[in-house]
Structure formats: structure tokens, C-alpha cells
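Trainee: A predicted structure for the sequence below; I have some questions about it.
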Amino acid sequence: MAGAVSLKPVDVNFTLKDHIYDVLRDAILGTNIYDEDADLRLDERKMAEQLGISRTPIREALARLEQNGLVQILPRKGVYICRKTRDEVMEMIVVWAALESMAARLATQEATDAEVRALRKLAEKHAAIDSDDDIEAYSQANIRFHQRILELSKCSALKETTDTLFMHMHAVRRRAIGEANRAERSVADHMAIVDALEARDAERAETLVREHSMRLRAHIRKTWIEIDDNSGTKNAVHS
């Protein structure tokens, strides 16, 4: 992808259309798109060469990614990964906070004791990672924790509703976890959330999850000033 990410060759045993979509989506999710120097332009030709396929399935996958709001296809200009403005990110977090907090409430009723114990082990594993030494592993563990809360709600409609939103939240959390000592605070928040789930305290679990996300919103509102100056495809649209 224009030098920004690395793609693995395609296994021909997979259904090509779906597999290419998954490969491109995962590559985008693995890119720190909110880094000031992030390369947001995608090169169809280079992606096809890297995957060893024609450009047709690449274009089909990009069309699906555009429907999910992950890329924007600009005629005669190219394809760009979408990066939200600060205001859009903050709105997205409000929606996420509402959905994940409801998932936490449901999880107090629906998750088994074994599933909650497994979530605690995930949180403890997260806490054991030194964020200074491996921020990427720490970030992935953090993201998995939040994803698991949605799964423990046992509400398929809620999970499906958050799937596309989660793809955007992934990139936001990936950057924010390494800022302003948020990693250390995140661990404390996660353990408190697990405590509430174990106690089957729906009100507390819901409140803790919502407040956790809203602190992320407050952090972004205060510190992510620069993304409004270089967001998404602004430069491409006006070039």
C-alpha cells in the first residue's frame, strides 16, 4: 500500500473476493493512520503486485472498504484511507461508549463465570505487558479486551452494529494508548470493569465502561488538535 503497510501473498485455497477484503482491511487496521506522517494513499498496482493477483479483486475489495467508511475512492486522484476529524472521532466515541456500556450491562447477565474469569486473565495478561517496551502488543491487548466485552453481551445485533464502528475505534485506540500515561490508567480501568462483571453489578459495569470511553474522548478533545489540519483525504480532494 504505497509503502505504508506490508501484505502477505494470497492463499489460493481461500475464496478470493472475501480473502482480499480481509487482507486489505487487516492491513489498514494495522496501520497507525493517526500518526502525523502516516501515508494514507493506497496504490492498486503495488498492492496487486505484492499479492500476486490482478487488480480486479483489489478494486472490488476497495469498493467494500469504501462502503464501510475505511477508504475513499477519488476519480483520477486515487484511493485514500479515511482519517476522521477530531470532532468526528469524538462523536464516534460517544456512540461507542453507549454501545459498549450496554454490552457490559448485558454481560453481567449473560456471560458465564468461566467467561468472566477468562476476561480477567486477558486483563491480567494486558497488565503484564510493558507498554514502554512493546506498545503495539499492549495496544492489541487493549483492543481485544474491549472487543471481548461486546462478545460477552451475547447480543448478535449489538455486536453486528459495532463491527464497522470497531474498525474505526481500533485506529483511535491504537494511537491514544501510548499518550499521556493512558496505558497505566487503562489497566486500572479494565480490572475495575472485570470486578463489576464478576459481582454481576450491572449499574457499575455499565458506568465504568462508559466513563472509560468518555475519558478517551476528553483526552482526544484536549490533545488531538493536529488531525483537523491533516485529516482523511483533505489534501487529495483539494490538490
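Mentor: Thanks, I have it. Numbering: from 1, shown residues only.
Trainee: give me the mean pLDDT for stretch 109-122.
Mentor: What stretch 109-122 shows for mean pLDDT is 97.
Trainee: residues in contact with it: which ones?
Mentor: 107, 141, 144-145, 148-149, 152-155, 191, 194, 197-198, 200, 202 (C-beta atoms under 8 Å, 6 or more residues apart in numbering). No exception for glycine: its C-beta is placed from N, CA and C like everyone else's.
Trainee: mind running it again at 6 Å?
Mentor: The contact list for stretch 109-122 (C-beta atoms under 6 Å, 6 or more residues apart in numbering) reads 145, 148, 152, 154, 194, 197-198.
Trainee: most neighbours, which of those residues?
Mentor: residue 197 (25 neighbours; other C-beta atoms under 10 Å).
Trainee: show me what contacts it?
Mentor: Residue 197 neighbours (C-beta under 6 Å, 6+ apart): 107-108, 116, 205.
Trainee: which pair of the residues you listed spans the longest distance?
Mentor: 116 and 205 (10.4 Å; C-beta to C-beta).
Trainee: which one of those two has more residues nearby?
Mentor: Comparing residue 116 with residue 205 by other C-beta under 10 Å, the one with more neighbours is residue 205, at 26 against 18.
Trainee: so that one touches residue 106, yeah?
Mentor: No - with contact defined as C-beta atoms under 6 Å, residue 205 does not count as touching residue 106 (9.4 Å).
Trainee: which residues touch the residue nearest the centre of the chain?
Mentor: Compute the mean C-alpha point of the chain, and by C-alpha atoms, centre = their mean the closest residue is residue 170, 1.2 Å away. Going by C-beta under 6 Å, 6+ apart, residue 170 touches 29, 143.
Trainee: mind checking how far residue 95 is from residue 206?
Mentor: 15 Å (C-beta to C-beta, to the nearest Å).
Trainee: the two: which is more packed in?
Mentor: Taking other C-beta under 10 Å, residue 95 and residue 206 do not tie; residue 206 has more neighbours (22 against 14).
Trainee: correct me if wrong: that one contacts residue 103.
Mentor: No - judged on C-beta under 6 Å, residue 206 makes no contact with residue 103 at a distance of 9.0 Å.
Trainee: what about residue 159, neighbour count?
Mentor: 17.
Trainee: that one: helix or strand, and which one exactly?
Mentor: Using DSSP states H and E, residue 159 falls within helix 156-176.
Trainee: what's the first helix or strand after that helix?
Mentor: helix 182-198.
Trainee: where does residue 79 sit: helix, strand or coil?
Mentor: Classification of residue 79 using DSSP: H, G, I helix; E, B strand; the rest coil returns strand.
Trainee: now the closest residue in space to it that isn't next to it in sequence: phi and psi?
Mentor: Counting by C-beta to C-beta, 6 or more residues apart in numbering, residue 79 lies nearest to residue 42, which is 4.4 Å off, once chain neighbours are set aside. The phi/psi pair for residue 42 (degrees, to the nearest 10) reads phi -110, psi 140.
Trainee: need the per-residue pLDDT for residue 42.
Mentor: Per-residue pLDDT puts residue 42 at 94.
Trainee: the one 4 residues further on now?
Mentor: As predicted, residue 46 sits at a pLDDT of 93.
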